[in-house]
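Undergrad: here is a sequence with its predicted model. Questions after.
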Amino acid sequence: MANGVAEIEYQEKYIENSRGMKLMTCRWVSGKQEPKALVFMCHGYAMECSVTMKSAGRRLAEAGFEVYGMDYEGHGKSEGLAGLVSNFNDVIQDCSNFFSSICEKEENKKKMRYLLGESMGGAVALLLHRKKPHFWDGAILVAPMCKIVDEMKPSPLVINMLTALSKIIPTWKLVPTKDIVDLAFKDSEVRKQIRNNPLCYKGRPRLKTGHELYRVSTELEQTLREVSLPFLVLHGEDDKVTDKSVSIQLHKVASSKDKTLKLYPGMWHSLLIGEPPENLDTIYKDIVDWLNDKCVHGNTRLESELKNQNEDK
């Protein structure tokens, strides 16, 4: 520890997905202690991990967690046409393959494993849970994309037209939408950083991407009851990108027995980097407190797995 600040080790590694694309993966860990648990970060649409999720990775590593991230195809340092999500199922499969490979390493088999997703990343986290309902110990869902606010969506007529066009000209940037950077990030300096970050996608959403985001958010909104893992959902009350009412509904109807909702008056969409420093401190304290509480109260998933293994012998 230098000058009272934990020394954080950061690594990047490229892996190849099933479609032959190279994807950038990254890891943050403190070299001073055995990690309490593994945290897997899922970034938002048009964002990436190495820069925009850096502060989240460092904060969680300083709090004693081993943190991993991956740039989805078409995002950040990964291969693929910038800003294009051809099929959301491919993104989920890529994340599942990489995250699972880390969890299943011998040294990690007895560690608890958590997902942290912001915005579209919240949708990724929920879909990873759906893919493997008993694999994850919990999820932190930050302004999750379970519904795009009505003001951000085109009219139903335009949606139908764009859906049809997405099959013909999927990569065209035709989806009409407001400037998300202006709406998502409260801190003006952060807005400048995002605009100057060449790894962040700029411009209108591509037709296929817009279709996939709409499809997935609509699907999630209709299946909130199926969410069964422990979760913490955080949402700014002044969010103009994703709908806080659906986060409230998620907390109300999810079948999870362990669920917590935090609403923040006056805060916007991007809670992990977009708020002033004092607000960020509040957000990360709530996240770290929740994770620490889960680590203290034991690994029920692991206990169940060991019990099943013993019964099978």
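TA: Arrived safely, thanks for sending. Residues are numbered from 1 along each chain as shown.
Undergrad: give me the contacts around stretch 83-90.
TA: With Cβ atoms under 8 Å, 6 or more residues apart in numbering as the test, stretch 83-90 has contacts from 17, 19, 45-46, 72-75, 91, 123, 127, 170-171, 173, 201, 203, 205-206, 208-209, 212-213, 215-216. Where you see a C-beta, it was placed from the backbone N, CA and C, and this is true even at glycine.
Undergrad: how about a cut-off of 7 Å?
TA: Identification of contacts with stretch 83-90 by Cβ atoms under 7 Å, 6 or more residues apart in numbering yields 19, 46, 73-74, 91, 170-171, 201, 205-206, 208-209, 212, 216.
Undergrad: least confident pick among those residues?
TA: Ranked by pLDDT, the contacts of stretch 83-90 bottom out at Pro170 (71).
Undergrad: so that residue sits against Thr209, correct?
TA: No: counting by Cβ atoms under 7 Å, Pro170 sits too far from Thr209 to count as a contact (8.4 Å).
Undergrad: the more surrounded of these two?
TA: Thr209 (26 against 18; other Cβ atoms under 10 Å).
Undergrad: residue contacts, the more buried one?
TA: Gly83, Leu84, Val85.
Undergrad: helix, strand, or coil at it?
TA: Three-state call for Thr209 (DSSP: H, G, I helix; E, B strand; the rest coil): helix.
Undergrad: let me see the ranges of the helices in the protein.
TA: Secondary structure of the chain (DSSP state H): helices at 54-62, 88-103, 120-131, 156-166, 180-184, 188-196, 207-221, 244-253, 277-296, 300-312.
Undergrad: show me what the shortest one is packed up against.
TA: When you say that, I think you mean helix 180-184. Judged by 3 or more Cβ pairs under 7 Å, 6 or more residues apart in numbering; DSSP states H and E, the packing partners of helix 180-184 are helix 188-196.
Undergrad: touching the helix it packs on from outside, list them.
TA: Val181, Asp182, Phe185, Cys200, Ile273, Gly274.
Undergrad: rerun at 6 Å
TA: Val181, Phe185, Cys200, Ile273, Gly274 (Cβ atoms under 6 Å, 6 or more residues apart in numbering).
Undergrad: circling back: mind putting the helices of the chain into a markdown table with distance to Gly266?
TA: Rendered in a markdown table, the data for the helices of the chain read as follows (distance: least, Cβ to Cβ, whole Å):
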| stretch | distance to Gly266 |
| --- | --- |
| helix 54-62 | 21 |
| helix 88-103 | 32 |
| helix 120-131 | 21 |
| helix 156-166 | 31 |
| helix 180-184 | 15 |
| helix 188-196 | 16 |
| helix 207-221 | 25 |
| helix 244-253 | 13 |
| helix 277-296 | 8 |
| helix 300-312 | 36 |
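Undergrad: out of those helices, deepest packed?
TA: Among the helices of the chain, ranked by average contacts under mean count of other Cβ atoms under 10 Å, first place goes to helix 120-131 (a mean of 25).
Undergrad: now it: how far from the chain's centre is it?
TA: Chain-centre distance of helix 120-131: 8 Å, with Cα atoms, centre = their mean, to the nearest Å.
Undergrad: that one to helix 244-253, inter-axis angle?
TA: With axes from the mean of the first three to the mean of the last three Cα atoms, to 10 degrees defining the directions, helix 120-131 sits at 30 degrees from helix 244-253.
Undergrad: now helix 120-131: mean pLDDT?
TA: Averaging pLDDT along helix 120-131 gives 98.
Undergrad: which strands and helices lie in contact with it?
TA: Applying 3 or more Cβ pairs under 6 Å, 6 or more residues apart in numbering; DSSP states H and E, one finds that helix 120-131 contacts strand 37-42, helix 88-103, strand 112-118, helix 207-221.
Undergrad: relative to Trp136, which of these is closest?
TA: strand 112-118 (5.7 Å; Cβ to Cβ).
Undergrad: give me the number of residues near the closest residue to Ser247 other than its chain neighbours?
TA: Leaving aside its sequence neighbours, Ser247 sits nearest to His235 (Cβ to Cβ, 6 or more residues apart in numbering; 4.3 Å). For His235, the neighbour count with other Cβ under 10 Å is 27.
Undergrad: His235 and Lys257, how far apart?
TA: 21 Å (Cβ to Cβ, to the nearest Å).
Undergrad: out of the contacts of Thr209, who has the most neighbours?
TA: Val85 (25 neighbours).
Undergrad: now the helices and strands packed on helix 120-131 as a markdown table including distance to Tyr284?
TA: Listed next are the helices and strands packed on helix 120-131 as a markdown table, based on distance: least, Cβ to Cβ, whole Å:
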| stretch | distance to Tyr284 |
| --- | --- |
| strand 37-42 | 12 |
| helix 88-103 | 22 |
| strand 112-118 | 11 |
| helix 207-221 | 25 |
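Undergrad: lowest-confidence stretch among the ones you listed?
TA: The lowest average pLDDT among the helices and strands packed on helix 120-131, as it happens, falls on helix 207-221, at a mean of 91.
Undergrad: what about it, distance to the chain center?
TA: With Cα atoms, centre = their mean as the basis, the mean position of helix 207-221 lies at 16 Å from the chain mean.
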